[in-house]
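J.: When you get a sec, could you give me coordinates for this:
(2 chains)
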Amino acid sequence: MDFGSFYIPIKIGGFTIRLTETIMDTWVVMAVLIILAVIVRIKLNKFTDVPESGFQNFIETIVESMDSFVESNMGKKYKYFGNWFFGVFAFILLSNLSGLFGFRPPTADLATTAALALTTFVLIHFMGIFTAGKGYFKGYLEPVPFLLPLNIISELATPVSLSFRLFGNILGGSIIMGLIYSLPMIVKLIPIPAVLHIYFDVFAGCLQTFIFVMLSMAFIGDKIPEEY
Amino acid sequence: MNSYFLTVGSFILTLDKNLLVELAFQLFNLCVLCAILSFLLYKPVLRFMRSRKEKIAGNIADAEDKLKSAQSILDEYNERLRSIQQERSAILEAANREANANKALIIEQAKKEAADIKNRAKLQIAREEEKAKDKIRLQIIEVSSLIAAHFVDNSLSDDKQTKLIEDVIKGLGDVKWQG
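T.: The predicted structure follows:
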């Protein structure tokens, strides 16, 4: 049994890069989301002041929820982070749910989760420097300069924990589902896979999406002083 | 799990340069996706909802303004109604006063006219009385003359008769009119 991400080596010049299953599944997820976005953009002209269709209600609900979620976590001044977190949220959620359709979730690959965590890491420190200026680095010497290494490790641990939490959870679910599907046919006839899909793909997928986005907002929000 | 495309290998976790290359790929994919979703979905929908919110807020403010305006018009009309009632009361009071004054004037004029009529009637009565007196006097004279003539024819001369008549007339002048 192989639970890994398959890849095709492609040679470009002297380099060989891997076109992985993760990247191809990511393109599928991106395509679905972009098609949805295009449909929304086209239908937006037909949106009414009082929502009449379920589709309009659905789109408005998720956009408004994200907007108010960002505002409550990061403050009104930094509501524009909603643009970023909406994309991240939609991508992680659809990636996690893609296991339901037989895809290998892109989030079951460290490259994906590390990329996501890296953006959060960059945003955390960018916001720290943006709001506190040079004084930001003095924070690493508090409460006593002796703790500088621990502070640095603590900061580095953030993206590691963010990426490995998501990666581990989704990969674990994928492996268990793979094991279930490798069992004899009789086991697959009873609704065990369906129940496990609901748990690993839907429940854990939604929960991990929420945790990742929530923690990212909290970490970035921590670097924004109270007066903002 | 089976692969759905041609493969030459698989991996679960590799901590090598390939991871960095794939991370860069995913980073690029993520940025592109976020930019597209933001441009096509998040921003336009948020803008739509914001404009709707502003429109609703505008409508509410407009309705409140109209309500205030209607209230002020109502107050103005109530004030006008109050002033009209006061004016009506004043007009009625003035009309009453004028009517009372006219009534007193009319009564006074009527009294005066009645007094004039009474006076004229009295004057007329006095005149009629004088006339009657004169008439009676003349009738008495005539009667007396007849009596005297008849008497004189029997016993007196003309001179004596005349003197007698005059004495009788003088005596009549002192008789009080009883009419």
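J.: Distance of residue A:141 relative to chain B?
T.: Using CB to the nearest CB, to the nearest Å, one obtains 31 Å as the distance from residue A:141 to chain B. The C-beta positions use only the backbone N, C-alpha and C, and glycine is treated the same way.
J.: what's near enough to touch that residue?
T.: A:147, A:148, A:151 (CB atoms under 8 Å, 6 or more residues apart in numbering or on different chains).
J.: ok, so what distance separates the last one from chain B?
T.: In this case it means residue A:151. Going from residue A:151 to chain B by CB to the nearest CB gives 25 Å.
J.: same deal with residue A:96?
T.: For residue A:96, the distance to chain B - CB to the nearest CB - is 15 Å.
J.: That residue: which element?
T.: Here residue A:96, judged by DSSP states H and E, is contained in helix A:81-97.
J.: immediately after that helix, which helix or strand?
T.: Remark: after helix A:81-97, the chain's next helix or strand is helix A:110-132, criterion DSSP H and E.
J.: and the residue positioned nearest the centre of chain B, what does it touch?
T.: Geometric centre of chain B, nearest residue: residue B:88, 4.1 Å, by CA atoms, centre = their mean. With contact set as CB under 8 Å, 6+ apart, residue B:88 has no partners.
J.: Can you tell me the SS state at it?
T.: When classified by DSSP: H, G, I helix; E, B strand; the rest coil, residue B:88 comes out as helix.
J.: all helices in chain A, in order from the N-terminus.
T.: Remark: helices assigned in chain A by DSSP state H are A:21-43, A:54-74, A:81-97, A:110-132, A:135-138, A:148-181, A:185-189, A:192-197, A:204-222.
J.: where does the fifth one sit relative to the chain's centre, distance-wise?
T.: The chain centroid and the centroid of helix A:135-138 are separated by 29 Å under CA atoms, centre = their mean, to the nearest Å.
J.: Same check on the fourth one?
T.: Chain-centre distance of helix A:110-132: 13 Å, with CA atoms, centre = their mean.
J.: Please, which helix or strand holds whatever residue of chain B ends up closest to chain A?
T.: Closest to chain A within chain B is residue B:34: 3.0 Å, counting by CB to the nearest CB. Using DSSP H and E, the element containing residue B:34 is helix B:17-37.
J.: quick one: stretch A:40-59 near chain B?
T.: Yes. For a cut-off given as CB under 8 Å from any CB of the partner chain, stretch A:40-59 has contacts with chain B, namely A:40, A:41, A:44, A:47, A:49, A:59.
J.: Neighbour-wise, which one of those leads?
T.: residue A:59 (24 neighbours; other CB atoms under 10 Å in any protein chain shown).
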